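Asks: My questions concern the predicted model and sequence given below.
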Amino acid sequence: MLLTLHRDRKIMNQDALKKSAAEAALKEIPEDAIIGVGTGSTVNHFIDGLAQMRGRIAGAVSSSEASSKRLKALGIEVFDLNNVNDLPVYVDGADEITRHMHMIKGGGGALTREKIVAAVAKRFICIADTSKWVGRLGNFPLPVEVIPMSRSYVARELMKLGGQPALRSGFVTDNGNVILDVHHLDIMNPVELEGIINQIAGVVTCGLFARRAADVLFLADSSGIHRLLAER
Ligand code: 5RP
C-alpha cells in the first residue's frame, strides 16, 4: 500500500513537470499561424493549453491520429500537411534528449509522422521533464518503424549493428507498419547511426532525431523551467 502511494506521487510529480514544460512552450507560439503538434502525454498538456487560448492559432498539422482526435475534440482545426507550405514551429516531446538536442523519439509509435512534420517546421521546440535529459542516447530502446514484410530482415541487420530488437507486441502504427524497439545500441554518433539505420531496406524511419535536432528545449525540473538551446 505504502509502495503504491509512493509510486502514484512520483507519477503525479512527473506529470506536473510535463505540464509546466508544455505551458512554457505556449508562450513562444506565434499568433494566427498553423503550427506543428507532436504526440504523447507531454504534448497532450500542450494541446489542452492551446484550447484554452482559443483563436490564438489558425490551426495545427498533427503528427498522429491520437493528437488529431484531441485537437479536433477541443475545437482546433487540423490541416493536411500537403496543403500547408510553412510551419513556423513544431512542438513535441522526447523519450531522451542530449545537450546537442539530439533525441530518441517514438515511444508512442508516432515517429515517422513526427519526423515529417519536424522536417517541414522552421523551429522544433521540445518539451520534456527532467527524466528525459541524458548524457548519451540509448538507455531508452530505439524505436524503428518497419514495413511488416521486412521485419525479420531488418531485425537481423539491427543485430549486426549490436542492437537487440524486440517487436512491439500488438502495435500497428498510423501508417500500418510495425515497430522494432532496439535495446543496447551503442549510440556514439547519433547523426551517423540515424543515416545507417534509415538506409536498411524496409525501414521507414528510426526514432533518432539527430539530423533534424530540436532548436529549443523547455526542460522542467523541481527547480523550475530551463530554456536550453542546442550546443552544436
Ligand atoms: C511519441 C513520442 C513522444 O514525444 C515521446 O514518446 C514522449 O512521450 P511523453 O510525452 O508521453 O513522455 O515520440 O512517438
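Replies: Received the coordinates, thanks. Numbers count the residues shown, from 1 in each chain.

Asks: For the strand ranked longest in the chain, which strands pair with it and how are they oriented?
Replies: Secondary structure of the chain per DSSP state E: the longest strand is strand 121-129. Strand pairing for strand 121-129, using DSSP bridges, gives strand 87-92 (parallel), strand 216-221 (parallel).

Asks: need the ones you listed in CSV with mean neighbour count and distance to Gly176, can you?
Replies: Quick note: C-beta positions are derived from backbone N, CA and C, even for glycine. What follows is the strands paired with strand 121-129, written out as CSV (neighbours: other Cβ atoms under 10 Å; distance: least, Cβ to Cβ, whole Å):
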stretch, mean neighbour count, distance to Gly176
strand 87-92, 23, 22
strand 216-221, 22, 32
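
Asks: can those go into TSV with extra columns for distance to Gly49 and mean pLDDT?
Replies: Formatted as TSV, the strands paired with strand 121-129 follow (distance: least, Cβ to Cβ, whole Å; pLDDT from 0 to 100):
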stretch	distance to Gly49	mean pLDDT
strand 87-92	10	98
strand 216-221	12	98
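
Asks: Can you pull the residues of this structure lying near the ligand?
Replies: By Cβ under 6 Å from any ligand atom, the residues of the chain that approach the ligand are 38-42, 92-95, 105-111, 114.

Asks: Tell me which of the strands paired with strand 121-129 lies nearest to Arg99.
Replies: Shortest distance between Arg99 and the strands paired with strand 121-129, using Cβ to Cβ, is found for strand 216-221: 9.0 Å.

Asks: For the helix or strand that that closest one is followed by, what is the distance to the chain centroid?
Replies: The helix or strand immediately downstream of strand 216-221 is strand 224-229, counting by DSSP states H and E. Here the centre of strand 224-229 is set off from its chain's centre by 18 Å, with Cα atoms, centre = their mean, to the nearest Å.
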